[in-house]
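K.L.:
Quick one, structure for this:
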Amino acid sequence: MSSKLVFLAYATAVIKDEPKKPKFDCWDQNLADRFVILLNQHEECHQETVLTRSPRDRR
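P.N.:
Next comes the predicted model:
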């Protein structure tokens, strides 16, 4: 499965509150979690949704 589909499967599992979710390495897990946060912000109609990198991502 392509990585895009795995990220979408993860986001879907989180949104549906499913107990089983795809597993990622640390960097991909951070990205997947931020993607879900971005989707939630969009759903809540926040005027500004920003996906930024944290200093720990630059390692």
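K.L.:
only C-alpha atoms for contact and neighbour calcs from this point on.
P.N.:
Will do.
K.L.:
Can I get stretch 3-14 as PDB, trimmed to CA atoms?
P.N.:
C-alpha atoms of stretch 3-14 as PDB (Å, rounded to 0.1, in the frame of the first residue of the first chain):
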ATOM      1  CA  SER A   3       2.300   5.800   2.000                       C
ATOM      2  CA  LYS A   4      -0.500   8.200   1.000                       C
ATOM      3  CA  LEU A   5      -3.100   5.400   1.500                       C
ATOM      4  CA  VAL A   6      -1.600   4.400   4.900                       C
ATOM      5  CA  PHE A   7      -1.800   8.000   6.100                       C
ATOM      6  CA  LEU A   8      -5.400   8.200   4.900                       C
ATOM      7  CA  ALA A   9      -6.200   4.900   6.600                       C
ATOM      8  CA  TYR A  10      -4.700   6.200   9.800                       C
ATOM      9  CA  ALA A  11      -6.700   9.500   9.700                       C
ATOM     10  CA  THR A  12      -9.900   7.500   9.000                       C
ATOM     11  CA  ALA A  13      -9.200   5.200  11.900                       C
ATOM     12  CA  VAL A  14      -8.600   8.100  14.300                       C
END
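K.L.:
Which of the residues in that stretch are classified as buried?
P.N.:
In terms of neighbour count (16 or more other Cα atoms under 10 Å), stretch 3-14 has its buried residues at Val6, Phe7, Tyr10, Ala11, Val14.
K.L.:
where does the residue nearest to Pro19 when sequence neighbours are not counted land on pLDDT?
P.N.:
Leaving out its chain neighbours, the residue that sits closest to Pro19 by Cα to Cα, 6 or more residues apart in numbering is Ala13, at 7.6 Å. Listed pLDDT for Ala13 reads 93.
K.L.:
ok, of the buried residues of stretch 3-14, which one's closest to Trp27?
P.N.:
Phe7 (12.5 Å; Cα to Cα).
K.L.:
Which secondary structure element is home to that closest one?
P.N.:
helix 3-15 (DSSP states H and E).
K.L.:
Report the next helix or strand after that helix in sequence order.
P.N.:
From helix 3-15, the next helix or strand downstream (DSSP H and E) is helix 26-43.
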